[in-house]
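# Quick check, what structure comes out for this input:
(one chain, ligands or ions: 1)
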Amino acid sequence: MKIIRQVTALALFCLPAMAWAQQAKIITIQADKPTVNVSPNMWGIFFEDINFSADGGLYAELVKNRSFEFLKPMMGWKEVRGNGGSGSVLIINRGNENVNNPRFARITVKGNTGYYGLTNEGFRGMGIKKDEQYNFSILARKSEGNVKIKVQLLSADGKTVLGENALQGFTDKWDKYKTSFTANATDAKGQFAILFEGQGVLDIDMVSLFPQHTWKERPGGLRADLAQKLADLHPGFVRFPGGCIVEGRDLANRYQWKKTVGDVNERELIINRWNIEFPYRSAPDYFQSYGLGFFEYFQLAEDIGAEPLPILNCGMACQYNSAEVAPLDQIDPFIQDALDLVEFANGAVTTKWGKLRAAMGHPAPFNLKMMGIGNEQWDVQYLDRYKLFAKAFAAKYPNIKLVTSSGPSPSGDKFDYLQKELRAQKANFLDEHYYQSPDWFMQNASRYDNYDRNSSKIFAGEYAAHAKEPKNAKEAEAMNCWISALAEAAFMTGLERNADVVQMASYAPLLAHVDAWQWRPDLIWFDNLRSVGTPNYYVQQLFSANKGTQVVPALADGNVIAGKDSLYSSATIDKKNNTVIIKLVNTSAKAMPVSLDIKGKINGTGKWTELTSVNLLDINTLDDPKKIYPVEKAINGRSVTLAAHSVNMITYETKL
Ligand code: AHR
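Residues are numbered from 1 along each chain as shown. As a prediction, this is how the structure comes out:
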């Protein structure tokens, strides 16, 4: 970590007094000379089901393996017996009778005393909150005798009942039964028991427990605190569902949106590719129930005022894994899936897929405008397949903008090849990914200054500064340290300055469970009850919530400010609320006095928001979530001293 060592050394030797003695750098903001428009979608979010982001994360279901479809059908479940009760469980596969959800559990309860039951461990425990209501549901069918159910929320050690209720009166037809209860205590690692009493045989499936309080209070919905954190970013778009998960390790494991819509009981569970990706972060219990599926993604995007940006498989599996491709003469079903998705999102309720959208509760269109074809694909096999998609879209949906891959890295042969070829194809958006060092981010703040203004636009679809290779979980959390966020902010001034070329950007990945992550750094970390925005989150929020409508030049000595003397800057005006918005990033270990020479009619004293931290390795944690947090500072006139290692936003009212 060269940068960290350099900067720390400087911090030791540079006395604050020297900084004050420094001459103020004059920054000219040509607020009266707007240049290019900032896309309303400029700053968005990238959602992928990695790190238990969906099941065990944003999707608020508390029961793991609710339909017994994991490779090991009883994973997550344990048998319990008490007070002399006895019984057994048999997993039955009904095959063609229910191809998407073939298994159910047959419970046989013997003896009229005590109970036989199953406990579920949740996703690394269940987050239970005192005084909150929990809603239990189950599909059940009586096979013999008379079995009653008692459902109980239990403490982590299983010794205390935190809430309970009972169900009975099952018939010999499959039906859904529900009951609710309120928790009498909080436990971040609770568990759940379903106890069978009486004598007989009961078949059960889709055993489910949700908090009543979800995002927008939707039954079976999303975890409210996590969805709120996403909304608070004010994203311009939501990219979903990934990422490599789109591609799958092989084609059978790819993401197929049609399998994720309609009745949740009918959504076919598959293994999550991150289950087995990293042996050192093994997650054998990581599957995709698709309770959070394409309808829910569209709905989330709409809820938070963002454009939906689905990325679909292009007939290619992950080239780092099996690298399987569908033959070109068998690519039609993949293209049809993409075309049908437009109908699902936008089609009239009389169309096949529009009708399904309406049946799911959203007759109005979702107004889909863009779609990604493939994730991190490369080489001629991608180009060949992309061309077929492009042709089909040009014929049927010419107004849908297509996002194309430019490979997994921001430079090199693979990147150069696709950039050249796809520009020749007049591709709408090239998706560039960069997981690089903080150094790289700072050095690349000018990356787009010389990009072709009249060619394909750029979607910086996945990026994050990787500060170091972690050796353990603690170090992994430390990867979201201040130096990484500072470097990203420096780089983002370059994206903003080039908003005519870079029209969308999203940090990746978005979410990570502290006990179940596979990839780091990540924008938001959570446990079963709490969540924390990283310093990187607050950088994203600062840019996204204050993007403005047009870029204006920010200059020092007549030049763009992209790293000279460790200073980075970009500026915009916001025509909707008459403000000039100036972002200034000081990556040096010295405080830096600057004097703002703002052209145009400026009113008032201005507002200053600062993000900084003394130590470049500082992080936010669940226990200390605001160590690095935006602070409002008083500003006097046009002179400010930027703290060492700081990200600053200064706004003034203006007459535009
Ligand atoms: O963001 C994590 C992974 O990084 C994505 O799935 C993939 O596209 C990239 O390689």
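# which parts of the helix or strand Leu230 falls within are buried?
Following DSSP states H and E, one finds Leu230 within helix 224-231. Buried positions in helix 224-231, judged by neighbour count with 16 or more other Cβ atoms under 10 Å: 224, 226-227, 229-231. Glycine gets a C-beta too; all of them are placed from N, C-alpha and C.
# Check stretch 112-125 too.
For stretch 112-125, burial by neighbour count (16+ other Cβ under 10 Å) applies to 114-125.
# next one: stretch 540-556
Using 16+ other Cβ under 10 Å as the test for burial, stretch 540-556 gives 540-544, 546-556.
# and if you look at stretch 299-315?
299-304, 306-315.
# nearest to Pro521, of the residues you listed?
Distance to Pro521 across the buried residues of stretch 299-315 (Cβ to Cβ) is lowest for Ile311, with 21.2 Å.
# Let me see the contact set for that closest one.
Going by Cβ atoms under 8 Å, 6 or more residues apart in numbering, Ile311 touches 239-243, 246, 371-375, 403.
# pretty sure Leu495 is touching Met504, no?
No: if you go by Cβ atoms under 8 Å, Leu495 and Met504 don't touch, sitting 9.5 Å apart.
# Which neighbours do these two have in common?
By Cβ under 8 Å, 6+ apart, Leu495 and Met504 have these common neighbours: 42, 460.
# Gln381 belongs to a helix?
Yes: looking at Gln381 with DSSP: H, G, I helix; E, B strand; the rest coil, it is inside a helix.
# burial measure for Val261, as a count.
Using other Cβ atoms under 10 Å, the number of residues around Val261 comes to 22.
# now do the one 4 residues further on
Neighbours of Asn265 under the rule other Cβ under 10 Å: 16.
# can you pull the pLDDT of it?
In this model, Asn265 is scored at 96, pLDDT.
# what about it, is that helix, strand or coil?
Per three-state DSSP, the secondary structure class of Asn265 is helix.
# which residues does it contact?
Applying Cβ under 8 Å, 6+ apart to Asn265 gives the contacts 67, 101, 139, 205-206.
# Just the closest of those to the ligand, please.
Set against the ligand, the nearest of the contacts of Asn265 by Cβ to the nearest ligand atom is Ser67 (25.8 Å).
# Run through the residues that contact the closest one.
The contact partners of Ser67, by Cβ under 8 Å, 6+ apart, come to 101, 103-104, 205-207, 265, 269, 289.
# how about Ala326, what does it touch?
Here Ala326 is in contact with 251, 315-316, 334, 385 (Cβ under 8 Å, 6+ apart).
# of those, buried ones?
251, 315-316, 334, 385.
# Can you list which of the contacts of Ala326 are found in helices?
Under the assignment DSSP state H, these contribute 334, 385 to helices.
# Number of residues surrounding the closest residue to the ligand within the chain?
Relative to the ligand, the nearest point of the chain is Gly243 (3.1 Å; Cβ to the nearest ligand atom). By the measure other Cβ under 10 Å, the count of residues near Gly243 is 26.
# ok, now Glu97?
For Glu97, the neighbour count with other Cβ under 10 Å is 8.
# same deal with Ser456?
21.
# same thing with Ala394?
Other residues near Ala394 number 11, with proximity taken as other Cβ under 10 Å.
# Just the C-alpha atoms of the helix or strand harbouring it, please, in CSV.
Following DSSP H and E, one finds Ala394 within helix 379-396. Taking Å, rounded to 0.1, in the frame of the first residue of the first chain, the C-alpha atoms of helix 379-396 are listed here in CSV:
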residue,chain,number,x,y,z
ASP,A,379,-13.7,-11.7,-27.2
VAL,A,380,-15.4,-12.5,-30.6
GLN,A,381,-17.8,-14.9,-29.1
TYR,A,382,-19.4,-12.0,-27.2
LEU,A,383,-19.4,-9.8,-30.2
ASP,A,384,-21.1,-12.4,-32.4
ARG,A,385,-23.9,-12.9,-29.8
TYR,A,386,-24.3,-9.2,-29.1
LYS,A,387,-24.8,-8.5,-32.8
LEU,A,388,-27.8,-10.8,-32.9
PHE,A,389,-29.4,-9.2,-29.8
ALA,A,390,-28.8,-5.7,-31.3
LYS,A,391,-30.4,-6.7,-34.6
ALA,A,392,-33.5,-8.1,-32.8
PHE,A,393,-33.8,-5.0,-30.6
ALA,A,394,-33.4,-2.7,-33.6
ALA,A,395,-36.3,-4.4,-35.3
LYS,A,396,-38.6,-4.7,-32.3
